[in-house]
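Peer 1: could you look at this predicted model? Sequence included:
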Amino acid sequence: MANIDPTKPTTGRALTQDVRDNFQACIDQDTLLQDQINGNDADIAALDGRISQNESDIILHDGRITQNTSDIAVNKSDITQNASDIATKVNKAGDTMTGNLNAPQVEASQAAPTQPQHLTRKDYVDSLSPLPATLAKAWVRFNGTGTVTIEDSFNVSSITDNGVGVYTVNFTNNLPNTNYAYMGVGRRNNATDRPVSLSSGTDASHNPSVSSIYFGTWVHAAAAYEDPLDFSFVVFADN
């Protein structure tokens, strides 16, 4: 903008030119300010666009969250239904199996199985308790050398080593009485491989009881009790 010096005389033409110059300078400054305003308006419009886009994204995410929440509710309902179905189908404590048990190509249609692949009905299994007199009430196979080792057994809880060739077989469940039949045979623990037989007790104080039986393993060739390499013992009794 041109400056007018009031101390200097000016002609009318010069004064008019100064006014024009000042007016033009004002116009130029206004134009510059207008350009800055327009630039700010453009920035504001861009920010408004970004805000609108973010709002759209938020709305979209809200929709997805709502859908996921709905899916979770549906899945929870399915889980609850499945748990109810399982509770209905699985037998609970105290339930009794009745009728025949069916399996693919196999049916337990008779009480006593006649083939190895046949299933066995529960009523037949129940009839075996107590065990018939034709079945062994207890049996055991053990190694008597060193620490006594039970190799296999039925209704035998443990074996007590009472010394060389003398043992006590302890029953898991008591026998019905002391009038049971028992027998045993084994192998000697040396190269001669002489048979080892059962000797019922070693004195009169060791009679059979319902909970255990005391016996010796006797080698006739040596006329002595010996620890057998293996010994098998079995008990039969009435119900």
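Peer 2: It's in.

Peer 1: what are the ranges of the strands in this structure?
Peer 2: 102-103, 106-107, 138-143, 149-154, 156-163, 166-171, 181-187, 195-200, 212-219, 224-225, 230-236 (DSSP state E).

Peer 1: Throw those strands into JSON lines and include distance to Asp57 and mean pLDDT, thanks.
Peer 2: For the C-beta atoms, the positions are set from N, CA and C on the backbone; glycine is no exception. JSON lines is the format used below for those (distance: least, Cβ to Cβ, whole Å; pLDDT from 0 to 100):
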{"stretch": "strand 102-103", "distance to Asp57": "58", "mean pLDDT": "50"}
{"stretch": "strand 106-107", "distance to Asp57": "62", "mean pLDDT": "50"}
{"stretch": "strand 138-143", "distance to Asp57": "78", "mean pLDDT": "96"}
{"stretch": "strand 149-154", "distance to Asp57": "73", "mean pLDDT": "95"}
{"stretch": "strand 156-163", "distance to Asp57": "74", "mean pLDDT": "95"}
{"stretch": "strand 166-171", "distance to Asp57": "79", "mean pLDDT": "96"}
{"stretch": "strand 181-187", "distance to Asp57": "86", "mean pLDDT": "93"}
{"stretch": "strand 195-200", "distance to Asp57": "90", "mean pLDDT": "84"}
{"stretch": "strand 212-219", "distance to Asp57": "83", "mean pLDDT": "93"}
{"stretch": "strand 224-225", "distance to Asp57": "93", "mean pLDDT": "90"}
{"stretch": "strand 230-236", "distance to Asp57": "82", "mean pLDDT": "95"}
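
Peer 1: got a markdown table for the ones you listed, with distance to Gln17 too?
Peer 2: Below are these laid out as a markdown table (distance: least, Cβ to Cβ, whole Å):
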| stretch | distance to Gln17 |
| --- | --- |
| strand 102-103 | 117 |
| strand 106-107 | 121 |
| strand 138-143 | 134 |
| strand 149-154 | 130 |
| strand 156-163 | 131 |
| strand 166-171 | 135 |
| strand 181-187 | 141 |
| strand 195-200 | 145 |
| strand 212-219 | 139 |
| strand 224-225 | 148 |
| strand 230-236 | 137 |
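
Peer 1: any stretches of this structure with poor pLDDT?
Peer 2: 1-15, 82-134, 191-193, 201-204 (pLDDT under 70).

Peer 1: quick check: can you list the domain ranges of it?
Peer 2: 10-63, 138-236 (automatic domain parsing).

Peer 1: just those domains: most buried one?
Peer 2: The highest mean neighbour count among these, using mean count of other Cβ atoms under 10 Å, belongs to domain 138-236: a mean of 16.

Peer 1: can you give me the end-to-end span of that domain?
Peer 2: 7 Å (Cα to Cα, to the nearest Å).

Peer 1: make TSV out of the domains of the chain and add distance to Ser70.
Peer 2: Below are these laid out as TSV (distance: least, Cβ to Cβ, whole Å):
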stretch	distance to Ser70
domain 10-63	11
domain 138-236	59
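
Peer 1: closest one to Asn75 among those?
Peer 2: For Asn75, the closest of those is domain 10-63, at 18.7 Å, according to Cβ to Cβ.
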